[in-house]
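>>> Build the 3D model from these lines:
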Amino acid sequence: MDPPLSLKLASMSLISQRKLENILALCGDKKDLIIDPILIKPLERICGVGWLRQHGIDKIYKMDPQLGTTANINRVYFIPASIQKYKCVLDQISSLISQNASLSDLECFHIIIVPKFICSYDSILESRGLYGIVKLHSFSWELMVLDEQLMSLELPFLYKQLFVEQNHSLLSSIAMSIWSLFHVIGKPKILFSVGKLSASVLDILQVYNETYARDFINNDSSQEIGALILIDRNQDYPSSLLTPATYSGLLSELFNINCGHLDLNVKETIQKKGKMDFGFKEEDVASKTKNTVMTLDSSIDSLYGEIKHRHFSEVLSVLSSKAKLLKNEDIKALGIQEMKHYVTTKLQHVALFKQNLVNHVLACETIISDMSKKFENLKCTETEMLNNRNKKSNFTFVDENFGTDIHIYNSLRLMCLLSLTQGLSYDEYNSLVSKYLIAFGYKYLYVFHNLVNAGLLVQPSSPKLSLSISNLSDRLPKWQSGFQVTANKLKQLPPQPDKVSKSSPSYVFNGGYVPLTAVICNTVLTSESLAEIFTKLSALPDLRVGGDILEKFSNGMETLNQKLSDLKLQSDLEYGCKDAKGLAKLLKSEPNIGNIFPLKPKSVFVYMIGGVNYAEIAACDLVQISTGSKIYIASDCVASGRDLLVANT
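Residues are numbered from 1 along each chain as shown. Got it, this is the predicted structure:
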């Protein structure tokens, strides 16, 4: 009997465990594990300390540049794919060898790099004189189930490498995670990509299909997933920059969340940490206590599952009703046998429920105290920006924020949103940049280069051109930026945000904006033909299609070498996917070639490259309910708008 999809997805951790087991077997018998702190939580989802002990790990240490001697000679370093951290480990190993030269002959140093090491790592190793002394291992773990229908690779550093640094060397790791996923759940009949990186991933997947084809691999189409949708993060930055209105979205705005675990630090929230203090505040001399850790998983915390996607205005009333139910539960009237049954079956569950209730109430109080004063003004200003109204007052709001309430990340976030939706003139841009640098120091000048490079900020080209555009927008009130043109075609901007019902995905942003993921999912799930999808999504410039449908347009199976040999100068290499506009012309004779639509099974798998946020997840959940379908969401990490700004600073 075929197991349910939820069990198949959960089993992917066993694949990761098996990969790690094979690596540890190559690292000697008794060894010490030195792990980077950001990898601790993800590793806990793959295996426990007991499992590590069974596979030769004696002692576990946190990675520290000043780490001295350890219990065993054999050292296994466990680090993310970061050149800086890699060099730090090599410095530590060089220091140990300088103190004891005999270690160089023992082959006792191993570095496990997540998700993989590239050729430059070997070059660095050789330049340090450590080639042959230090062994490098790649560990590409599989997608982890964080919540029902939510999966993540938990590699938050990928956004910076892919979008800020424009380093695509780790893009194949994302393709490999999807390749492994297909082996577990089957390959969907049709694949969509939105963005250049997503198209590259489809190309890499096609290379894997040709390179790693084996007889034992099941090539049948997936019986649970109808389509895969790949989206680049830079295709919908407003969904990250806008202030979310859902409970889970606001939690991510205030608290640190790592691998589905929330650090409930109510005294020092994210909002307070990055704020410039213009006054004098007494230092908190109270002793530091260990913060409560909440697990954001509906299977563990049923109360979280009930409120996570709700608008925050509804959450307190739900929590209040739950508290009243607990209060009305009278256990004094129970008899001895009933009391005994209650203690053995319900008491532990009730105690856990009470603790979860207390944690959620505390989190709600913190959200109210930190955001209630400015939430309404922020919501109104963001809605005006989205609809290209009141540009001067919107800039004044952002300018005043830079002058009196500046925050190292949130102020940049507002500036980026204004730049993407309404644009900034040359003078406006320089004014905000100057105020930011005066507040935090000119050492942050590089941040604006990074923001422009990542596409989060649009830098005015010249004073004259900026001035002419500004004058044009003032004289023509109905003038729309490129953002508004595309968003209106995709119906992402409701005409009356205040009157939007809770059945609309735009409720996640107070009725002002529908995330692109929700738009695409709704289109794919409700369309009757592929031609209809192309018509509805014609505003997307980088929409491409891959999967079995491409075989209908190909004359025999062409390999990559054949594609390259036929490639003409200045032509695009369409390998694993084809441009939607080109396919649309071929569909005139047969609008739904392959009879894929309406989609069967009625389910999609969305993969966001560069991080997905909780507002997008909530919007997709609403689409799932309205269409009677299933939407599974995966990404390299779950990231808020602040996380994107942190990656640029």
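
>>> partners of Ile631 in the sheet?
Val604 (DSSP bridges).

>>> which ones are touching it?
Remark: with contacts taken as Cβ atoms under 8 Å, 6 or more residues apart in numbering, Ile631 is in contact with Gln149, Cys521, Ser603, Val604, Val606, Cys620, Asp621, Val623, Gln624. C-betas here are computed from N, CA, C, even on glycine.

>>> Let's see which of those end up in helices.
Cys521, Cys620, Asp621, Val623, Gln624 (DSSP state H).

>>> between the residues you listed, which is nearest Asn430?
Using Cβ to Cβ, Cys620 comes nearest to Asn430 of those, at 39.2 Å.

>>> domains of this structure?
As given by automatic domain parsing, the domain ranges for the chain are 5-142, 145-239+496-638, 243-276+288-386, 391-480.

>>> now the end-to-end length of the longest one.
The one in question is domain 145-239+496-638. 12 Å (Cα to Cα, to the nearest Å).

>>> Now find how far off-centre it is within its chain.
15 Å (Cα atoms, centre = their mean, to the nearest Å).

>>> just the shortest one next, same as before
Computed by Cα atoms, centre = their mean, the chain-centroid distance of domain 391-480 equals 26 Å.

>>> any idea of the mean pLDDT in that domain?
For domain 391-480, mean pLDDT rounds to 85.

>>> and if you look at stretch 355-373?
90.

>>> what's the answer for stretch 321-341, then?
pLDDT averaged over stretch 321-341 gives 66.

>>> re earlier: which members of the ones in helices among the contacts of Ile631 are the farthest-apart pair?
Across these (Cβ to Cβ), the longest gap, 10.3 Å, separates Cys521 and Asp621.

>>> Those two: who's more crowded?
Cys521 (25 against 21; other Cβ atoms under 10 Å).

>>> Can you check the pLDDT for that one?
97.

>>> check contacts around the nearest residue to it once chain neighbours are set aside.
Among residues not flanking Cys521 along the chain, Val623 sits closest, at 5.1 Å (Cβ to Cβ, 6 or more residues apart in numbering). Residues near Val623 by Cβ under 8 Å, 6+ apart: Pro505, Ala518, Cys521, Asn522, Leu525, Ser629, Ile631.

>>> Secondary structure element holding Thr523?
In the assignment (DSSP states H and E), Thr523 maps to helix 516-526.

>>> Okay, and Val545 sits in which element?
strand 543-547.

>>> So, low pLDDT: which residues of the stretch 501-649 of the chain?
Applying pLDDT under 70 to the stretch 501-649 of the chain flags the ranges 551-575, 591-592, 594.

>>> at 90 instead, please
501-503, 529-531, 541, 546-601, 649 (pLDDT under 90).

>>> do the same with the stretch 151-300 of the chain
186, 189, 206-224, 265-292.

>>> Could I get the full set of strands for it?
190-194, 227-232, 256-258, 261-264, 292-295 (DSSP state E, counting those that start in this stretch).

>>> Export these as JSON lines, with columns for distance to Glu21 and mean neighbour count.
JSON lines is the format used below for those (distance: least, Cβ to Cβ, whole Å; neighbours: other Cβ atoms under 10 Å):
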{"stretch": "strand 190-194", "distance to Glu21": "32", "mean neighbour count": "26"}
{"stretch": "strand 227-232", "distance to Glu21": "29", "mean neighbour count": "25"}
{"stretch": "strand 256-258", "distance to Glu21": "24", "mean neighbour count": "18"}
{"stretch": "strand 261-264", "distance to Glu21": "25", "mean neighbour count": "17"}
{"stretch": "strand 292-295", "distance to Glu21": "26", "mean neighbour count": "17"}
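
>>> between those strands, which gets nearest to Phe402?
Using Cβ to Cβ, the nearest of the strands of the stretch 151-300 of the chain to Phe402 is strand 256-258, at 25.3 Å.

>>> sorry, back to before: of the domains of the chain, which is nearest Leu490?
domain 145-239+496-638 (5.2 Å).

>>> Quickly note the distance from Cys27 to Tyr632.
35 Å (Cβ to Cβ, to the nearest Å).

>>> Next one: Leu424 from Cys380, what distance?
Noted for Leu424: a distance of 20 Å to Cys380, by Cβ to Cβ.

>>> Neighbour count: those two, which is higher?
Leu424 (25 against 17).

>>> Help me confirm that that one is found in a helix?
No - judged by DSSP: H, G, I helix; E, B strand; the rest coil, Leu424 forms no part of a helix; its state is coil.

>>> Tell me if I'm right that it and Ser461 touch.
No - Leu424 lies out of contact with Ser461 (Cβ atoms under 8 Å); the separation is 11.5 Å.

>>> OK, contacts around Tyr208?
Contacts of Tyr208 (Cβ under 8 Å, 6+ apart): Ala175, Met176, Trp179.

>>> if we go to 7 Å?
Ala175, Trp179 (Cβ atoms under 7 Å, 6 or more residues apart in numbering).

>>> do Gln492 as well
Residues in contact with Gln492, defined by Cβ under 7 Å, 6+ apart, are Tyr513, Val514, Val519.

>>> what about it, distance to Arg18?
43 Å.

>>> got the contact list for Met12?
Glu142, Leu143, Val184.

>>> Wait, the last one touches Ala10, no?
Pointing back at Val184 there. No - look at Val184 against Ala10 with Cβ atoms under 7 Å: they stay out of range, at 10.1 Å.

>>> circling back: need the contacts of Ile631 in a markdown table with distance to Gly56, can you?
Converted to a markdown table, the contacts of Ile631 look like this (distance: Cβ to Cβ, whole Å):
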| residue | distance to Gly56 |
| --- | --- |
| Gln149 | 36 |
| Cys521 | 45 |
| Ser603 | 41 |
| Val604 | 42 |
| Val606 | 39 |
| Cys620 | 42 |
| Asp621 | 43 |
| Val623 | 47 |
| Gln624 | 44 |
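
>>> and of the contacts of Met12, the nearest to Leu262?
Leu143 (20.3 Å).

>>> Is that closest one in contact with Ser177, as I believe?
Yes - assessed by Cβ under 7 Å, Leu143 is found in contact with Ser177 at 5.6 Å.

>>> Spell out which residues are contacts of both of these two.
Counting by Cβ under 7 Å, 6+ apart, the residues touching both Leu143 and Ser177 are Leu153.

>>> circling back: make a markdown table out of the contacts of Gln492 and add neighbour count and distance to Leu357.
Output for the contacts of Gln492, formatted as a markdown table (neighbours: other Cβ atoms under 10 Å; distance: Cβ to Cβ, whole Å):
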| residue | neighbour count | distance to Leu357 |
| --- | --- | --- |
| Tyr513 | 28 | 32 |
| Val514 | 26 | 32 |
| Val519 | 22 | 36 |
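
>>> how about the helices of the stretch 51-200 of the chain, start to end?
83-99, 119-127, 158-159, 171-185, 196-211 (DSSP state H, counting those that start in this stretch).

>>> Pull out the buried residues from the first one.
Going back to what we said before, that points to helix 83-99. Lys85, Tyr86, Cys88, Val89, Leu90, Gln92, Ile93, Leu96, Ile97 (16 or more other Cβ atoms under 10 Å).

>>> Now do the longest helix along the chain: which elements does it pack against?
Secondary structure of the chain per DSSP H: the longest helix is helix 347-386. In terms of contacts (3 or more Cβ pairs under 7 Å, 6 or more residues apart in numbering; DSSP states H and E), helix 347-386 is packed against helix 247-254, strand 261-264, helix 302-307, helix 312-328, helix 391-404, helix 410-421.
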